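Trainee: Requesting a structural model of the entry that follows:
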Amino acid sequence: MFGFFSCGMFVSQNYMFGPDSPGGVPLIYWTKGTDHPIAEWWSRMTGVLFLSFLSGPFLFGAPMESHLKQTMIMNVGILIMFISIVFGSPDECVKLTWWPQVALQVVSGDASLSLSLSLTLSLSLSDLLSGANSLSSGGQSVGQSYEKCRYDEALTHTHTL
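Mentor: Numbering: from 1, shown residues only. Model prediction:
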């Protein structure tokens, strides 16, 4: 999701996303560049935070359900920031680049919300089934098997995005 931007932030926010970006129009976010050390430091800090947060479930074993909830909150916050820059600083931002970013935030936030709700509801339903089935049978219940199947299915779907 933000892996490419994280790597670009490590290089230089001004070089990668400033007015003289080698990537051209799709990567030019700002009409005025700055290579101020504070801006570069914050850029690299943001890159580290994005990469460490987004790799949590894949490299560090963070639970996918929690990760999706955090991603949803992150996407809502970033959407608000994107909208505020488009309307609050019209002379400094390149609208051709920012409006698609706003649209992508809406879509990715919606996807995170859908996956998070789906995972939460399926786990809640399987908990109910597990409780009812464990009353009537010994050992591993049908509900427990269903819970594992639904959880594995949810993880498979999140990796395909």
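
Trainee: Please enumerate the strands of this structure.
Mentor: Applying DSSP state E to the chain gives no strands.

Trainee: how's it carved up into domains?
Mentor: Domain ranges of the chain: 1-54, 61-161, per automatic domain parsing.

Trainee: Going by mean pLDDT, which of these comes out lowest?
Mentor: Per-stretch mean pLDDT for the domains of the chain is lowest at domain 61-161 (a mean of 67).

Trainee: Relative to Phe60, how far out is Ser89?
Mentor: To Phe60, Ser89 is 36 Å away according to C-beta to C-beta, to the nearest Å. C-beta: built from backbone N, CA, C; applies to glycine.

Trainee: Neighbour count: these two, which is higher?
Mentor: Shown here are Ser89 and Phe60; by other C-beta atoms under 10 Å, Ser89 has more neighbours (13 against 9).

Trainee: Need phi/psi at that one.
Mentor: phi -140, psi 60 (degrees, to the nearest 10).

Trainee: So that it lines up with my notes, have the first residue be 289 from now on.
Mentor: Done: numbering now begins at 289, and the last item shifts to Ser377.

Trainee: Distance check, it against Trp318.
Mentor: Look at Ser377 and Trp318: by C-beta to C-beta, they are 9 Å apart.

Trainee: what does Leu339 give?
Mentor: Counting by C-beta to C-beta, the gap from Leu339 to Trp318 is 22 Å.

Trainee: so where do the helices sit in this structure?
Mentor: Ranges of helices in the chain, per DSSP state H, are 291-299, 301-305, 325-342, 344-347, 352-376, 383-424, 430-448.

Trainee: Hmm, Ser340 and Ala350 touching each other?
Mentor: No: using C-beta atoms under 8 Å, Ala350 is not in contact with Ser340, being 10.4 Å away.

Trainee: what's the neighbour count on Pro307?
Mentor: If we define neighbours as other C-beta under 10 Å, then Pro307 has 12 of them.

Trainee: tell me the phi and psi of the residue nearest to it when sequence neighbours are not counted?
Mentor: Distance criterion C-beta to C-beta, 6 or more residues apart in numbering; nearest residue to Pro307, sequence neighbours excluded, is Gly321 at 5.0 Å. When read as degrees, to the nearest 10, the backbone of Gly321 gives phi -90, psi 160.
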